[in-house]
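[1] with the input below, show me the fold.
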Amino acid sequence: MNSGMKKILFILFCIVMVGAFSAGCVSEEKTTVSQKDISSIINDKTLSTDERVEAVLNQMTPAEKVGQMVMIGIQGTQVNDDSLYMLNEYNIGGIVLFDRNMENKQQVKKLTADLQSQAPGKLPLFIGIDEEGGDVVRMKNELMPPPSAQEIGTTNDPAKAREWAKKTATELKDLGINLNFAPVADVGSNDRRSYSTSADEVADFVISAGKGYEESDMLYCLKHFPGIGKGKIDTHIDSYSVTADSETLRNEDLVPFKSAINQLTLDKYFIMVSHLTYAAFDKDMPASLSAKIQTELLRDELGYQGIIVTDDLEMGAISKHYSFEEVGVKAVQAGADIVLVCHEYEHEIDVYNGILKAVHNGTISEERLNDSVRRIIKAKLLNLL
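    Numbers count the residues shown, from 1 in each chain. This next block holds a predicted model:
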């Protein structure tokens, strides 16, 4: 056989193989929902919520998944080059607003709308705020500041917590804010942030507030698991180890969280973990970095399967003892679904890059990553769309 004939036969063979391969690909494309783009998946009402969650998840790269797990603070009162860069380069899934971002209602409405228009991957952003009441309020000259939890608690009427949750939710939703980091479920803290020194009373008020947010279709967050009422040092400043024994913590500090988990609606609220160390549960790691507390206690023992978010990783209890590149990894390994980094872009980037690097080198498994992103996507589909 001469060389020309060999060349012709080789070309014919290649054509046949390409045709066979293409036919196989066409067949696969027709039967695989994950080939759809994310927008069409989100809006496909022929699929169940869980089917849409899996289809969206299957479309995402590891970098996009990690971005959904990082919630950041931004600088300024309008979307600018820096905030756009963070959203688009790091696929950020959530923003938390502070007074530095808020001048008046119209400006905040525009800011939140502009942020949502830039949401990566067509999934809406969580846009959160700390509007607890009392000393922890935002834009108090423009918004109706709620009373402190302590003031509401002294009424001895849990219905008041429900009423204020609904009032607060109405105002925040009007601004384009979809997540409030409240109510506080701590027992007996000394800064007016607790409803009561009685665990059962705190539980009643927290559940009532939660129902108020749910009736208003607003996401909310119970904090600071497993309770910071016994803390003696502000974790914004440095770390502290709670010395109470396991029985005391279970009979007091855990009661509001346990009651809420049993009575409130999953997928409607987050639980924020504190930066305190609880020697009775884990003598080595703060709650925000502890698998014993987040996974074994909160998930396995108490049965909570919703979103776990850390307190701000820039607080002194964490930032004085860990690098930002490592701390996000430790939080995710412990069980956190979202890590909160509230202030400096450099720190936010380090946390993101640390988690992504850990995913690429196998320190964080694909299964672990998907567990968190699955919860996040589901919460967004159910509450923000």
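[2] burial count for the nearest residue to residue 265 once chain neighbours are set aside?
    With sequence-adjacent residues excluded and distances taken as CB to CB, 6 or more residues apart in numbering, residue 265 is closest to residue 214, at 5.6 Å. For glycine as for every other residue, the C-beta is placed from the backbone atoms N, C-alpha and C. Neighbours of residue 214 under the rule other CB atoms under 10 Å: 19.
[3] double-check residue 214 against residue 266; I have them as touching.
    No - Residue 214 lies out of contact with residue 266 (CB atoms under 8 Å); the separation is 10.9 Å.
[4] can I assume the residue nearest to residue 265 sits in a strand?
    No - using DSSP: H, G, I helix; E, B strand; the rest coil, the assignment for residue 214 is helix, not a strand.
[5] which residues does it contact?
    By CB atoms under 8 Å, 6 or more residues apart in numbering, the residues touching residue 214 are 220, 264, 265, 268.
[6] just residue 373 next, same as before
    Residues near residue 373 by CB under 8 Å, 6+ apart: 57, 60, 65, 68, 69.
[7] residue 173 and residue 46, how far apart?
    Going from residue 173 to residue 46 by CB to CB, to the nearest Å gives 29 Å.
[8] neighbour count: these two, which is higher?
    In this view residue 173 and residue 46 are compared by other CB under 10 Å, and residue 173 has more residues nearby, 14 against 7.
[9] mind listing what that one touches?
    By CB under 8 Å, 6+ apart, the contact set of residue 173 is 216, 217, 218.
[10] confirm for me that the last one is in contact with residue 176.
    So that's residue 218. No - using CB under 8 Å, residue 218 is not in contact with residue 176, being 11.8 Å away.
[11] of the two, which one has the most company?
    Shown here are residue 218 and residue 176; by other CB under 10 Å, residue 218 has more neighbours (22 against 18).
[12] just give the nearest non-adjacent residue to that one, would you?
    residue 169 (4.0 Å).
[13] try residue 171
    Leaving aside its sequence neighbours, residue 171 sits nearest to residue 143 (CB to CB, 6+ apart; 5.5 Å).
[14] also residue 274?
    Spatial nearest neighbour of residue 274, excluding adjacent residues (CB to CB, 6+ apart): residue 224 at 3.7 Å.
[15] which residues touch the helix or strand where that neighbour lies?
    Applying DSSP states H and E as the criterion places residue 224 in strand 219-225. Applying CB under 8 Å, 6+ apart, the contact partners of strand 219-225 are 126, 128, 165, 178-186, 206, 209-210, 213-214, 256-257, 260, 268-274, 276, 287, 293, 298, 309, 311, 379, 383.
[16] swap in 7 Å and give it another go.
    178-186, 206, 210, 213, 257, 260, 268-274, 287, 298, 309, 311, 383 (CB atoms under 7 Å, 6 or more residues apart in numbering).
[17] next: stretch 232-239.
    Outside stretch 232-239, the residues touching it (CB under 7 Å, 6+ apart) are 240, 274, 275, 276, 277, 286, 315, 316, 317, 320, 321.
[18] what of stretch 102-114?
    Here stretch 102-114 has contacts from 77, 78, 79, 101, 127, 138, 139, 142, 175, 176, 177, using CB under 7 Å, 6+ apart.
[19] cool, and stretch 364-371?
    By CB under 7 Å, 6+ apart, the residues outside stretch 364-371 that reach it are 57, 62, 65, 329, 332, 333, 355, 358, 359.
[20] repeat that with 8 Å
    Contacts of stretch 364-371 (CB under 8 Å, 6+ apart): 57, 62, 65, 66, 69, 329, 332, 333, 337, 355, 358, 359.
[21] which phi and psi values does the fifth one adopt?
    So the one you mean is residue 69. Note on residue 69: its backbone torsions stand at phi -90, psi 0 [degrees, to the nearest 10].
[22] quick one, what contacts it?
    Each residue near residue 69 by CB under 8 Å, 6+ apart is listed here: 93, 332, 337, 338, 339, 355, 369, 372, 373, 376.
[23] count of residues packed around the residue lying closest to the last one once chain neighbours are set aside?
    The shortest distance from residue 376 to any non-neighbouring residue, by CB to CB, 6+ apart, is to residue 68 (5.0 Å). Using other CB under 10 Å, residue 68 has 27 neighbouring residues.
[24] list the buried residues of the helix or strand residue 272 falls within.
    Per DSSP H and E: residue 272 is located in strand 269-273. Residues of strand 269-273 classed as buried by neighbour count (16 or more other CB atoms under 10 Å): 269, 270, 271, 272, 273.
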